[in-house]
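Engineer: Sharing a model that was predicted from the sequence below.
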Amino acid sequence: MGESAPAPIPPTAPGVEGGVVADNKEELAPGFDGDTRREPGATAGPGQVALELSGVIKHFPLRRRTAVALDGVDLTVEKGEFVSLLGPSGCGKSTVLRLLAGLEKPTAGRVRMHGRPPAALVKEHRLGIAFQHHALLPWASIAENIALPFRAAGRPVDRARIAELLRLTGLEDFAEARPRQLSGGMCQRAAIARALVLNPEVLLLDEPFSSLDAVTRRRMNIELARIWSEQRITTLLVTHDVEEAVLLADRVLILSGRPGRVRHVEQIGLRRPRSSRLTREPEFHETVDRLTALLDSDIAHARADEGSTARSARRWLRGRG
Ligand SMILES: Nc1ncnc2c1ncn2[C@@H]1O[C@H](COP(=O)(O)OP(=O)(O)OP(=O)(O)O)[C@@H](O)[C@H]1O
């Protein structure tokens, strides 16, 4: 993972504006609000830590500058915990997931899953991932799509496990259907079944329901809550939907606008099992409203920062002209 010798980049690197380190340092203002305090609740309680990001900084080199996606992120997810990650667009939510999936390496800091670099779990097929697009193979049946991880891992296909997941996701009558014969919601359920088929220890979900209509999405949320309560897999869900985040999670983390840092942590004490009835209760709405207000203020800050970045760039270009 290239984590053994992390570059010594301070969490509040000078020259950060709107998540971008520009070449012209004089023009630059500090990022978001300069608040480098770590949110204590972002780390899990006394339980066993399954996922850990510690002081994680992630830069993406662009042509003339560097995009700062994450700027000192500390978070942990306990074994068997469900954590939702919210934040303004571009704050680095998917980057957190991609780091945990071993698809990106941190510029600095530590990423660990069960105390080991993510690549180790990926190699052992102990990680289940479902993204916004289901990415089912169009020519293969639903059962064959769900069986893919067995083939990728070079293991014999466990038909009983596939049957169990088809049942769990309500797709038992569609085992032989092709993806095009299924609705968007059914395809997403198949993608989640595929992510679960090897009994992963960790499930990473990146907006898996964002393409669905509101009613289907809510139904899928309830189904995911049911599946999760049967399996209790450590889960990190990236979403833009505050209701979805609250409905599913034990804890909700809010990342600040670019560059991302953990800004707020909300312990969700709503009783389980979570059902659609819960979404009509005042406690649910109070939590959703509070988190929505926090997100709205972050989005307003992020927009103000973007405006100031554009103004700085214009001034800088005028100065050069
Ligand atoms: N491969 C890349 N190269 C350059 N910049 C990148 C790359 N991946 C992400 N970024 C930048 O890093 C920042 C965080 O991106 P990321 O996709 O993690 O945000 P996000 O919170 O998931 O966004 P959204 O909610 O819109 O999906 C953005 O500014 C993005 O442009």
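Structural biologist: On my side now, so go ahead.
Engineer: Which parts of the stretch 101-250 of the chain are helices?
Structural biologist: 118-123, 142-152, 159-168, 184-196, 214-231, 242-248 (DSSP state H, counting those that start in this stretch).
Engineer: Mind telling me which of the ones you listed the model trusts least?
Structural biologist: Least confident of those, judged by mean pLDDT, is helix 214-231 with a mean of 85.
Engineer: quick one: secondary structure of the closest residue to the ligand within the stretch 201-321 of the chain?
Structural biologist: Evaluated by C-beta to the nearest ligand atom, the stretch 201-321 of the chain has residue 258 as its residue closest to the ligand, separated by 5.5 Å. In short, each C-beta sits where N, CA and C put it, glycine included. The three-state assignment at residue 258 reads coil, by DSSP: H, G, I helix; E, B strand; the rest coil.
Engineer: How about residue 89?
Structural biologist: Relying on three-state DSSP, one would call residue 89 coil.
Engineer: residues from this protein in reach of the ligand?
Structural biologist: Residues of the chain found near the ligand (C-beta under 6 Å from any ligand atom) are 19, 60, 67, 69, 87, 89-95, 258.
Engineer: hmm, which of those are the buried ones?
Structural biologist: 19, 67, 69, 87, 90, 91, 92, 93, 94, 95, 258 (16 or more other C-beta atoms under 10 Å).
Engineer: right, and the pair among the residues you listed with maximum separation?
Structural biologist: Using C-beta to C-beta, the pair of those lying farthest apart is 67 and 87, separated by 15.7 Å.
Engineer: who's the most centrally placed residue in the chain bridged to?
Structural biologist: Closest residue to the average C-alpha location of the chain: residue 238 at 3.1 Å, with C-alpha atoms, centre = their mean. Beta-bridge pairing for residue 238 (DSSP bridges): residue 85, residue 206.
Engineer: so what's it scoring on pLDDT?
Structural biologist: Value for residue 238, per-residue pLDDT: 96.
Engineer: now the one 3 residues further on
Structural biologist: At residue 241, the model reports a pLDDT of 95.
Engineer: Strands of this structure, start to end?
Structural biologist: 16-17, 20-21, 49-61, 66-78, 82-86, 108-113, 127-130, 202-206, 234-238, 251-255, 262-267 (DSSP state E).
Engineer: Strand partners (parallel or antiparallel) of the last one?
Structural biologist: If I follow you right, that is strand 262-267. Pairing partners of strand 262-267, with direction, according to DSSP bridges: strand 251-255 (antiparallel).
Engineer: orientation of the partner strand relative to strand 234-238 in degrees?
Structural biologist: Relative orientation of strand 251-255 versus strand 234-238 (axes from the mean of the first three to the mean of the last three C-alpha atoms, to 10 degrees): 40 degrees.
Engineer: Give me the distance between strand 251-255 and the centre of its chain.
Structural biologist: Centre-to-centre, strand 251-255 and its host chain are 10 Å apart (C-alpha atoms, centre = their mean, to the nearest Å).
Engineer: CA-only coordinates of it in PDB, if you can.
Structural biologist: What follows is strand 251-255 as a C-alpha-only set of coordinates in PDB (Å, rounded to 0.1, in the frame of the first residue of the first chain):
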ATOM      1  CA  ARG A 251     -23.300   5.800  13.300                       C
ATOM      2  CA  VAL A 252     -23.400   8.500  10.600                       C
ATOM      3  CA  LEU A 253     -20.200  10.400   9.800                       C
ATOM      4  CA  ILE A 254     -20.300  13.700   7.900                       C
ATOM      5  CA  LEU A 255     -17.300  14.700   5.900                       C
END
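Engineer: So which residues make contact with it?
Structural biologist: 39, 41-42, 73, 75, 81-88, 91-93, 96, 245-246, 261-268, 291, 294-295, 298 (C-beta atoms under 8 Å, 6 or more residues apart in numbering).
Engineer: Just the buried ones among those residues, please.
Structural biologist: Counted by 16+ other C-beta under 10 Å, the contacts of strand 251-255 give 39, 42, 73, 75, 81-88, 91-93, 96, 245-246, 261-266, 268, 291, 294-295, 298 as buried.
Engineer: coming back round to it: distance-wise, check the residue of the stretch 201-321 of the chain closest to the ligand relative to residue 172.
Structural biologist: Counting by C-beta to C-beta, to the nearest Å, the gap from residue 258 to residue 172 is 44 Å.
Engineer: Okay, now the unreliable bits of the stretch 1-150 of the chain?
Structural biologist: 1-47 (pLDDT under 70).
Engineer: pLDDT wise, what is the residue nearest to residue 268 when sequence neighbours are not counted at?
Structural biologist: Closest residue to residue 268 apart from its sequence neighbours, by C-beta to C-beta, 6 or more residues apart in numbering: residue 249 at 5.2 Å. For residue 249, the pLDDT comes out at 96.
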